[in-house]
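Undergrad: return a 3D structure for these sequence lines:
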Amino acid sequence: MIDKIAGYLSQSNKAVAFTGAGISTESGIPDFRSPGGVWSRYQPVLFQDFLTNGDARRQYWQMKKEAYRELKGAKPNAGHRALAALEAAGKLVAVITQNIDGLHQDAGSKRVLELHGTSRYCICLKCDARYDPDLVQERLESGVEVPLCDKCGGLLKSATISFGQQLPQDVLSEALDLCLQTDLILAIGSSLVVEPAASLPLQAKQNGGRLVIINKTETPLDDLADVIVREPIGETLTRVVHDLGLH
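TA: Alright, predicted model coming up:
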């Protein structure tokens, strides 16, 4: 399987990686769906509820306060580094990610399309002012339940996309273009069920691209995949990089 993936990458001129939470679990960030993950303790707060309901906002920020501690100390792992090495060697044109942790950029990936936003800053929904999440976390830890904008008093929110909130259309559009043009997509660490993101690898496959799936559990696209790997992501991608003679 490693040889096959390396061979596909050698033949490709516009390969794309599509990553989900599974690539970051090896950095110690729990998949939100896993037992003990944030979603096992809290119901996700819908965007509309965040806007209109004080209790929903308090729950949102309580959840963010806990998740922040898990994200803050995380470092890129071998999987992130391997994708950055593939991009640097010209074997990969971009990483499309469902993740909000910024670890692809930390590993050195240059073209990263964040479908679900980023936890690397908070934003005022009224005036668009940006805030360092460390500052917002300090407020939460000091007892503030719902942080507000210093400039206009508007609601602050993490720059991540909540359920019911529209994905950034420019990012989604660029990701779709990449998937329609690619000849190879590596779907890595994603259950491929959260829409509309999960349809992107399908679009690539339906448009004539090869589909490689590296994920520990089954996905709805397994029947369409050219290669399926159920082994750990970091180890698998590192072996692919070595097979290509990249280090």
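Undergrad: so the residue nearest to residue 133 when sequence neighbours are not counted: helix, strand or coil?
TA: Of all residues not flanking residue 133 in the chain, residue 122 sits nearest, at 5.5 Å (C-beta to C-beta, 6 or more residues apart in numbering). C-beta: built from backbone N, CA, C; applies to glycine. Under DSSP: H, G, I helix; E, B strand; the rest coil, residue 122 falls in the strand class.
Undergrad: tell me what residue 122 is bridged to.
TA: residue 131, residue 158 (DSSP bridges).
Undergrad: just checking, it touches residue 136?
TA: Yes: if you go by C-beta atoms under 8 Å, residue 122 and residue 136 touch, sitting 4.9 Å apart.
Undergrad: next, show the common contact partners of those two.
TA: Counting by C-beta atoms under 8 Å, 6 or more residues apart in numbering, the contacts common to residue 122 and residue 136 are 147, 156.
Undergrad: which residues are in contact with the residue nearest to residue 133?
TA: Counting by C-beta under 8 Å, 6+ apart, residue 122 has contacts 130-133, 136, 147, 156-159.
Undergrad: please pick the buried ones from those.
TA: Listed as buried from the contacts of residue 122 are 131, 133, 136, 147, 156-159; burial here means 16 or more other C-beta atoms under 10 Å.
Undergrad: okay, the residues you listed in CSV with pLDDT next?
TA: CSV is the format used below for these (pLDDT from 0 to 100):
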residue, pLDDT
131, 98
133, 95
136, 97
147, 98
156, 98
157, 98
158, 96
159, 96
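Undergrad: and these, which two are furthest apart?
TA: For these, the maximum inter-member distance is 13.6 Å, found between 147 and 159 (C-beta to C-beta).
Undergrad: in this protein, spot the helix with the most residues.
TA: helix 54-72 (DSSP state H).
Undergrad: and that one, what's buried?
TA: 56-57, 59-61, 63-64, 67-68, 70-71.
Undergrad: likewise stretch 189-209?
TA: For stretch 189-209, a neighbour-count test (16+ other C-beta under 10 Å) marks 189-192, 194, 197-198, 200-205, 209 as buried.
Undergrad: and the most centrally placed residue in the chain, helix, strand or coil?
TA: Closest to where the C-alpha atoms of the chain average out (C-alpha atoms, centre = their mean) is residue 99, at 1.6 Å. Secondary structure state of residue 99, per three-state DSSP, is coil.
Undergrad: doesn't residue 18 make contact with it?
TA: No: Residue 99 is beyond contact range of residue 18, at 10.8 Å (criterion: C-beta under 8 Å).
Undergrad: show the contacting residues for the spatially closest residue to residue 152 that is not a sequence neighbour.
TA: Nearest non-adjacent residue to residue 152, counting by C-beta to C-beta, 6+ apart: residue 127, 4.4 Å away. Contacts for residue 127 (C-beta under 8 Å, 6+ apart) come out as 149, 151-152, 154.
Undergrad: select from these the one having the most neighbours.
TA: Highest neighbour count within the contacts of residue 127: residue 149, with 18 neighbours (other C-beta atoms under 10 Å).
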